[in-house]
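Enquirer: task: produce atomic coordinates for the following.
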Amino acid sequence: MILQHQAEELAKRGHEVHVHCSVYTNIALTETVEPGDSTERGVNVHRRRGLRIPVSNPLEKDLVFPIWFYEAFLPADVLVCVGYPSQHLDLLSLHKKRHPEIPLVVQNYVTSDFLNEILDGEGGPNKKVRSVYWKTWVQRKLAQADLVIADSPSAAIGLRERLGLDNVVEHIGMAVDPAEFEAVTDRKRKAVRRELGLGEDKIILAPSRVSPQKGADLLVRAAGPLLKKGWRLAIIGPVNDSAYYEKVRGLAEPYRERIHFGQLSREKLIPLMMESHIVTLPSRGETVGGVVFEGMYAGCAVVVSDAVEAAREDYLKDGVNGVLIPAEDVDALQAALKRLMRSGNKKLIAAGRKTVEERFVWSKSVDRLWTHYRRALEDCRGF
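Expert: Residues are numbered from 1 along each chain as shown. A predicted model of the protein is given here:
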């Protein structure tokens, strides 16, 4: 979604944007679309089949090996490799070698904790091999890029100190699209309440994937005992780990009448967010936590784990525009929720909304991103 919004905003500004991607549409690599070329909201999208290797191997898990090698050599003014370093970076590095005047930018979304885990190489032989691979091959490819954009202050420090890179800048990539919220009507808000059976109760919302990383088990343990009459908990997002999902459902069983699970389209999730009173992300680790921005913009009080790096180090000021809690601390999460459930939180909510309006709407985020692209262009071409 980050790349989609960035690409659309750049296209609005008159840039010709081409996105090359595989046909897979989810992290689990279980859903696909037809390959082909299309223009979507001004962006040229090229979807190509990839070779999936669905086994754990020393370098990556569920590897998608691109079979559109020729596209790495198509004309461009700026090359951008988005996400986890992979064979796509290898291909674009070949392009860079042939055309040094064309800047190569890597937008890297690896957290500092995950980077340390990779480089430490603790565990079995696969992890040791992966560590060597990163310290040699990946480090070399990242160093050859004109710019590496990290998604949080900690990630930037890790890339500089652990991999010795001197081409790293920080840019929080996630932002909010105000138009999504402006399009929501009272009718849509009421409809999503009816669909989930939420009645007129106040809502605590966890809008993220159901996976161990996101901490839904912690949330159920903390919020469950608080869900007396007048409050409900909605855990809304795709299931990425079925065994973990069943564990969470088991924890929720004593409170089953007040805890709701489901998946919603964006057209329904945004109205639900605007109907909610608290948005929470008790994550065990990630860089930004984009749903926090959306919760702030929607008018919710937010509770965020300090394992969300950019929240901890940048945008969230505890007690000012949200509440920051220690990672995996169920008691702290419960205390924070209890406090917010007892108060109107007007000042907290207003400050959260202001934070997003000033820095984290897509137009302002892409302004900052283009500054980095422009810098790379100037360094390569001297204009």
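Enquirer: where do the strands of the stretch 201-350 of the chain begin and end?
Expert: In the stretch 201-350 of the chain, the strands defined using DSSP state E, counting those that start in this stretch lie at 202-206, 231-236, 259-262, 278-281, 301-305, 323-325.
Enquirer: quick one, what contacts Asn167?
Expert: 142-143, 145-148 (CB atoms under 8 Å, 6 or more residues apart in numbering). Where C-beta positions appear, they are placed from N, C-alpha and C, glycine not excepted.
Enquirer: of those residues, grab the buried ones for ChimeraX.
Expert: To isolate the buried ones among the contacts of Asn167 in ChimeraX, judged by 16 or more other CB atoms under 10 Å, type:
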select :142,145,146,147,148
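Enquirer: output the contacts of Asn167 as a markdown table; include the columns distance to Glu200.
Expert: Listed next are these as a markdown table, based on distance: CB to CB, whole Å:
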| residue | distance to Glu200 |
| --- | --- |
| Leu142 | 52 |
| Ala143 | 57 |
| Ala145 | 53 |
| Asp146 | 55 |
| Leu147 | 51 |
| Val148 | 49 |
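Enquirer: buried ones in the helix or strand in which Lys97 is found, by neighbour count?
Expert: Assigned by DSSP states H and E, Lys97 belongs to helix 87-98. The neighbour-count check on helix 87-98 (16+ other CB under 10 Å) flags 87-93, 95-96 as buried.
Enquirer: what packs against that helix?
Expert: strand 61-66, strand 79-82, strand 104-108, helix 139-144 (3 or more CB pairs under 8 Å, 6 or more residues apart in numbering; DSSP states H and E).
Enquirer: highest average neighbour count across those?
Expert: The highest mean neighbour count among the helices and strands packed on helix 87-98, using mean count of other CB atoms under 10 Å, belongs to strand 104-108: a mean of 24.
Enquirer: quick one: that strand to helix 87-98, angle?
Expert: 160 degrees (axes from the mean of the first three to the mean of the last three CA atoms, to 10 degrees).
Enquirer: what's in contact with strand 104-108?
Expert: Counting contacts by CB under 8 Å, 6+ apart, the residues outside strand 104-108 that touch it are 78-85, 89, 92-93, 95-96, 142, 144-151, 155, 159, 171, 173, 372-373, 376.
Enquirer: now the helix or strand containing Ile149, how far from the chain's geometric center?
Expert: If you go by DSSP H and E, Ile149 is part of strand 147-150. Averaged C-alpha coordinates place strand 147-150 at 16 Å from its chain's average position (CA atoms, centre = their mean, to the nearest Å).
Enquirer: which stretches of the stretch 1-150 of the chain have low pLDDT?
Expert: 26-29, 51-72, 84-86 (pLDDT under 70).
Enquirer: and the residue lying closest to Val132 once chain neighbours are set aside, backbone torsions?
Expert: Closest residue to Val132 apart from its sequence neighbours, by CB to CB, 6 or more residues apart in numbering: Gly121 at 7.3 Å. Backbone dihedrals for Gly121, given as degrees, to the nearest 10, come out at phi 60, psi 30.
Enquirer: list the contacts of Gly121.
Expert: Counting by CB under 8 Å, 6+ apart, Gly121 has contacts 127-128, 130-132.
Enquirer: which of those residues fall within helices?
Expert: 127-128, 130-132 (DSSP state H).
Enquirer: show me the domain layout of the chain.
Expert: Using automatic domain parsing, the domains assigned to the chain come out as 2-175+362-381, 178-359.
Enquirer: pick the most buried one from those domains.
Expert: Buried most deeply of the domains of the chain, by mean count of other CB under 10 Å, is domain 178-359, with a mean of 19.
Enquirer: distance from the chain centre to that domain, please.
Expert: The answer for domain 178-359 is 15 Å, by CA atoms, centre = their mean.
Enquirer: what is the end-to-end distance of it?
Expert: 13 Å (CA to CA, to the nearest Å).
Enquirer: next one: stretch 282-293
Expert: Terminal-residue distance, stretch 282-293 (CA to CA): 15 Å.
Enquirer: now that stretch: average pLDDT?
Expert: Stretch 282-293 carries an average pLDDT of 94.
Enquirer: and for stretch 312-320?
Expert: In the prediction, stretch 312-320 has an average pLDDT of 96.
Enquirer: for Thr39, see how far away Asp146 is.
Expert: 28 Å (CB to CB, to the nearest Å).
Enquirer: which residues sit against stretch 253-263?
Expert: 196-198, 201, 210, 220, 223-225, 227, 231-239, 249, 252.
Enquirer: again, 6 Å this time
Expert: If you take CB atoms under 6 Å, 6 or more residues apart in numbering as the criterion, stretch 253-263 is touched by 196, 224, 227, 232-236, 238, 252.
Enquirer: widest-spaced pair of those residues?
Expert: With CB to CB as the measure, no two of the contacts of stretch 253-263 lie farther apart than Leu227 and Pro238, at 23.3 Å.
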